[in-house]
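1. what shape does this take:
(chains A and B)
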Number of protein chains: 2
Amino acid sequence: MRDFLPEDVRRREYVIGIITRVYERYGFEPLETPAVENIETLMGKYGEEGNQLIFKILMRGEHEATGKADLALRYDLTVPLARVIAHHQSKLPRLFKRYQIQPVWRADRPARGRFREFYQCDVDALGSTSPVVEAELCAAVSDALTELGFSDFVIRMNHRQLLSSLLSVAGVDAAAHGDALVAIDKLDKIGADGVRDELARRGIGDESRTALLEFFQPSAAESQLDRLAGFVGDDAVGRAALENLQSIVSLASATSAAGKIRLEPSLARGLSYYTGAIMEINVADLAGSLGGGGRYDNLVGMFLGQSIPACGFSLGLERILVVMGERGMFPPTLATAPADVMLAVFTAADLPHALRVASVLRGHDVRVFVYPDADKLGKQIKYADSRRIPFVGILGGDEIAAGTVTVKDLASQTQQTWSQETAGPKILEELRRRAES
Amino acid sequence: MRDFLPEDVRRREYVIGIITRVYERYGFEPLETPAVENIETLMGKYGEEGNQLIFKILMRGEHEATGKADLALRYDLTVPLARVIAHHQSKLPRLFKRYQIQPVWRADRPARGRFREFYQCDVDALGSTSPVVEAELCAAVSDALTELGFSDFVIRMNHRQLLSSLLSVAGVDAAAHGDALVAIDKLDKIGADGVRDELARRGIGDESRTALLEFFQPSAAESQLDRLAGFVGDDAVGRAALENLQSIVSLASATSAAGKIRLEPSLARGLSYYTGAIMEINVADLAGSLGGGGRYDNLVGMFLGQSIPACGFSLGLERILVVMGERGMFPPTLATAPADVMLAVFTAADLPHALRVASVLRGHDVRVFVYPDADKLGKQIKYADSRRIPFVGILGGDEIAAGTVTVKDLASQTQQTWSQETAGPKILEELRRRAES
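-> So this is what the prediction gives:
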């Protein structure tokens, strides 16, 4: 887990700001949940591996010595959302679109762009089974990534029911579907031969293996739906899934996600709660995904005892930051100094005057750093320079007597004396001029 | 711990936004630290009670069964700051002013405005012992509270060395100072007689008790410094502390904190790491404080092995929200609908058109909720109305053929048909007009 120094925070806030504005434009509303959940809320929702990666909190007081945990740290933003829907149902609208940008914690081994504390930027829409939901989610994340400066991302899409259908058609027992999916999901990483071996190890028969590898062969995007329709044949589950995918792709082509979606029949995604379309978003220079999501119509029912359709998408903040950093995608104006101007004085007796002038400047929304000690002027200016503060306001006896301030421009090494009231607007004007040039 | 539904989040973001802008204006820079710290970083820093209120995280994997904790949840933002200063010293400036607005966790019994997960809004300045630091901190929190709409707050101020001096002068053994302070800190709550009893229970002799209660008697603010100087006499520690307080108050009178500071000799504050001035900020209608802080010149040294002077102030977000809620201080424009306009269609075949128009409107920065199903129009409009979405854009066959959209104003029950390109600016213009009237 990491500390974020000022420049890091400014980069994070920049990305979060853009994502938030885009999500708001799509009618999503903000939601926040506590970092800590009851341990039963989380256990069993993320599969066996997930259970082990959950940070568990020791009971307090007299129970501490038992070594038992009753609470746990948030592991994703989807399960807490399902709990919120169940808990606050009467206060929430029938169609509820929410975004949530908060940290989650996993006791995982860190890797590039993967940390034990990381932020997810989630959007979810609840209450409708319409494919408009999936199309709008794809459009929203496309807009967010585009506004951040990405143009080369791909939204890979598949459907859980299509996977089920293909496995059935290939003769894999329903009980072995989970095992088979784990193997197929690795096609990208270990290739066809690797998947064939892993399927064999997991007890999938030879004929099924051959059929599956044919189904999941890469092929041209435009023919993908027809190809899959051929494999599915008249399996009702598979046909419904394909129809759903077709609707989503067709609706998405009316949005900013047009041309971004690629059907990928081998995409499985780890989490067990998905029931319909599943999505993952990738760029070439990152091995993992920038985000992913899908439809999960039964998860809310686990908390509420009543099914509520739901579909969501989650962007990984740290993954986005890693790629943006490596590609140099942050605007240069972001590396801001701590202030627009630093006020310097010659003697400690002048400090009250500096505070008064600071107050006037701040009234104009100028960011002011008051140098707190009457160090030698050279030392004070050196500090401003080292912090890249562009201006130093000097208050000597003459300035104080005349109600002025001498403002030194550290870049040009020129200085001008202004009245204390006009100095603020002058500084802001000059900074605007520089930002535009 | 609580969930924050959309309206709650918008209120929180409103307050955090104002505090952030004020802190930035004072030259403070953002810092963030992880929610989870090594347990040794936190233990022993907050006193015996603090140790018990820390949420501890169970070791993972094979060590889970030991029932031991190696990590813990952040308890405040000051100790993590001290750790950051020690850990990243080479990357940080000699004078470092940071703000940090993040949640902390305490296994405390909840009360009004007090929760187990709560946000602190901290500002700290490191690297200078100048009283300018304290004065600017008081000014910054005064500005923040004033911009939030508070006008009736008081900054109570005292000095840890002054307390020491007064206790010594009253004949209390250095070893008993801690005990005596706990009793004196309760003067507000339990009155002079209560404090006298508690001092007795803690073994403070009769003469000392009488002297202390005289020292800590309420008195007119303007004579406070003189009175205290009389008690302190020529005790060097006490005189230096009084001189420091006098400098702070005099400097603060040149800032927006002028007239807000009240010296209060019985103010002790719980945390043990303070070494100089201590502050607490109160309003009449909240029993606890809105925030507090002080100088802690030795805390960084516990991590770095080298002392770095430091002073900070922390505002409690939830306390501020409770009072603002009760006083009705939030701007009415905050209770925003999820969108500016909802798009409705008659048939499912029209949904791609709705997505296209949504995209055009969003391009103008209009917040658009696309109703995802072709329900009866009355049902769709009823939904918009229940969500207080001010406009409904209707796309029927005529509109689609003509490239227009009919926009219904739900408040006036009037409607107008505009071209799809001009609808966005028209809607925004009307919303601006309403916000201003």
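
2. burial check on A:V182, number of neighbours?
-> 14 (other Cβ atoms under 10 Å in any protein chain shown). (Glycine included, C-beta is placed from N, CA and C.)

3. OK, contacts around it?
-> A:198, A:202, A:268 (Cβ atoms under 8 Å, 6 or more residues apart in numbering or on different chains).

4. what pLDDT does the first one get?
-> A:E198 carries a pLDDT score of 92 in this model.

5. if I look at it, how far off is chain B?
-> Plainly put, A:E198 is 25 Å away from chain B if you go by Cβ to the nearest Cβ, to the nearest Å.

6. skip the chain neighbours and tell me the closest residue to that residue.
-> A:A183 (4.1 Å; Cβ to Cβ, 6 or more residues apart in numbering or on different chains).

7. tell me how many other residues crowd that neighbour.
-> A:A183 has 23 nearby residues by other Cβ under 10 Å.

8. what's the first helix or strand after the host helix or strand of it?
-> Using DSSP states H and E, A:A183 maps to helix A:177-184. Later in the chain than helix A:177-184, the nearest helix or strand by DSSP H and E is helix A:187-201.

9. mind giving me the packing neighbours of that following helix?
-> helix A:177-184, helix A:206-215 (3 or more Cβ pairs under 8 Å, 6 or more residues apart in numbering or on different chains; DSSP states H and E).

10. next, the angle from the shortest one to helix A:187-201.
-> Per axes from the mean of the first three to the mean of the last three Cα atoms, to 10 degrees, the angle that helix A:177-184 makes with helix A:187-201 is 130 degrees.

11. before we move on, the earlier item: any chance of the contacts of A:V182 in CSV, with distance to B:A86 and neighbour count too?
-> Below are the contacts of A:V182 laid out as CSV (distance: Cβ to Cβ, whole Å; neighbours: other Cβ atoms under 10 Å in any protein chain shown):
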residue, distance to B:A86, neighbour count
A:E198, 48, 18
A:R202, 50, 14
A:A268, 46, 22
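
12. for A:M329, state which of the residues you listed is nearest.
-> Set against A:M329, the nearest of the contacts of A:V182 by Cβ to Cβ is A:A268 (30.5 Å).

13. grab the nearest non-local neighbour of the closest one.
-> Per Cβ to Cβ, 6+ apart, closest to A:A268 is A:D185, 3.8 Å.

14. ok, A:G301 next?
-> Nearest residue to A:G301, sequence neighbours excluded (Cβ to Cβ, 6+ apart): A:S307, at 4.1 Å.

15. what number of residues lie near the residue in the stretch 1-150 of chain A positioned nearest to chain B?
-> Residue nearest to chain B within the stretch 1-150 of chain A: A:G67 (1.8 Å; Cβ to the nearest Cβ). A:G67 has 16 neighbouring residues, counting by other Cβ under 10 Å.

16. again with A:Y119
-> Around A:Y119 there are 20 residues (other Cβ under 10 Å).

17. and A:S128, what are its phi and psi?
-> phi -140, psi 140 (degrees, to the nearest 10).

18. wait, it touches A:F96, no?
-> No. Checked against Cβ atoms under 8 Å, the pair A:S128 and A:F96 is beyond contact range at 9.8 Å.

19. return the residues of the stretch 51-200 of chain A in contact with chain B.
-> When proximity is defined as Cβ under 8 Å from any Cβ of the partner chain, the stretch 51-200 of chain A approaches chain B at A:52, A:55-58, A:60-61, A:64-69, A:71, A:73, A:80, A:84, A:87-88, A:91-95, A:97-98, A:103, A:105, A:107, A:116-117, A:125, A:128, A:130, A:132-133, A:135-136, A:139, A:143.

20. can you flag the buried ones in these?
-> A:55-58, A:67, A:69, A:71, A:73, A:80, A:84, A:92, A:95, A:97-98, A:103, A:105, A:107, A:116-117, A:125, A:128, A:130, A:132-133, A:135-136, A:139, A:143 (16 or more other Cβ atoms under 10 Å in any protein chain shown).

21. if we can go back for a sec, just the residues of the stretch 51-200 of chain A next to chain B: which are in strands?
-> A:56-58, A:69, A:71, A:73, A:97-98, A:103, A:105, A:117, A:125 (DSSP state E).

22. any idea of the mean pLDDT for the host helix or strand of A:Q100?
-> Element membership for A:Q100, per DSSP H and E: strand A:96-105. Across strand A:96-105, the average pLDDT comes to 98.

23. domain parsing for chain A?
-> Following automatic domain parsing, one gets these domains for chain A: A:6-327, A:337-436.

24. nearest to B:Y46, of the ones you listed?
-> Evaluated over these, closeness to B:Y46 peaks at domain A:6-327, with 14.8 Å, by Cβ to Cβ.

25. look up how far chain B lies from A:A229.
-> 22 Å.
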